[in-house]
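K.L.:
coords please:
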Amino acid sequence: MDDCCSRKSEALNTLAQSEQRRVLIVVMILNLAMFVAEFGAGLVAQSTALMADSVDMLGDAIVYALSLYAIARGSRWEAGAALAKGGLILAFGIVIIAQSLLKISTGGAPSSTIMLAFSGIALAVNLACLALLWRFRNTNVNMSSTFECSRNDVVANLGVFVAGGLIAFTNSPWPDIVVGLAIAALFVRSAVRVLRSAWPVWRHESRSTKVVLR
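P.N.:
Numbers count the residues shown, from 1 in each chain. This next block holds a predicted model:
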């Protein structure tokens with residue numbers, strides 16, 4: 001009976017990991033495609049917020065690739081992947097702050113039409129990714145941090161969409177700058193949360209590994 005239950009548990013665990021892989025591959029491809037489309041649109045529109053959002057898409061694609069690598073490699077690898085993701089999110093936050101400060105010095109309102117169109121498409125894609133990741137959000141620290149990244153994307157997309165609408169009415173670059181800085185603040189906050197949750201797990205697992213090796 002115990003052997004039967006053990007085999008059933010292993011089979012269920014393998015199935016769950018396989019499902020996680022499929023979902024991560026799909027959301028990774030979607031994010032890569034949107035990065036190319038949205039970054040190009042941001043260059044044409046001269047929108048800091050749109051380019052920041054596209055860079056976030058690229059970051060997420062890398063995040064999903066790290067998550068795929070960590071699956072089935074144990075808690076230490078999962079925590080390590082989460083730490084890498086936290087560092088990546090923090091780096092993107094700093095880059096976006098720099099972009100926003102540069103926009104303040106250069107000025108010029110971006111194209112609101114392009115912003116509204118591409119931020120709307122990005123929002124639809126990220127909502128689909130969030131729906132795919134929803135059931136895995138509490139599976140482990142690896143999938144939890146992945147879900148956190150996807151949720152941030154939805155908030156960022158909404159911000160860019162609102163900024164596009166405000167620019168259409170005001171013809172001012174400030175909505176673009178403010179949203180860019182808000183996205184950066186969201187990244188920094190999320191990075192701190194991910195790093196705080198992943199660091200204790202990674203440290204504990206690293207110590208356990210050293211004990212076993214001895």
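K.L.:
Which parts of the protein are strands?
P.N.:
Counting by DSSP state E, the chain has no strands at all.
K.L.:
what about it, any weak spots by pLDDT?
P.N.:
Within the chain, the segments meeting pLDDT under 70 span 1-17, 67, 70-78, 107, 139-143, 145, 202, 204-214.
K.L.:
what about the helices in it?
P.N.:
Secondary structure of the chain (DSSP state H): helices located at 2-45, 48-70, 75-106, 112-133, 141-170, 174-213.
K.L.:
So which residue is dead centre in the chain?
P.N.:
Centroid check for the chain by Cα atoms, centre = their mean gives residue 149 as the closest residue, at 3.0 Å.
K.L.:
Cross-check the contact I'm expecting between that one and residue 63.
P.N.:
Yes: because the distance of 5.1 Å satisfies Cβ atoms under 8 Å, residue 149 is recorded as touching residue 63. All C-beta spots, glycine's among them, are computed from the backbone N, C-alpha and C.
K.L.:
what's the overlap in contacts for those two?
P.N.:
With contacts defined as Cβ atoms under 8 Å, 6 or more residues apart in numbering, the residues shared by residue 149 and residue 63 are 85, 89.
K.L.:
Contact partners for residue 110?
P.N.:
For residue 110, the contact set (Cβ under 8 Å, 6+ apart) comprises 45-50, 167, 173, 176.
K.L.:
gap between it and residue 181?
P.N.:
Separation of residue 110 from residue 181 (Cβ to Cβ, to the nearest Å): 15 Å.
K.L.:
Residue 82 now?
P.N.:
26 Å.
K.L.:
Neighbour count for these two, which is higher?
P.N.:
Relative neighbour count places residue 82 above the other of residue 82 and residue 181, with 29 against 21, counting by other Cβ atoms under 10 Å.
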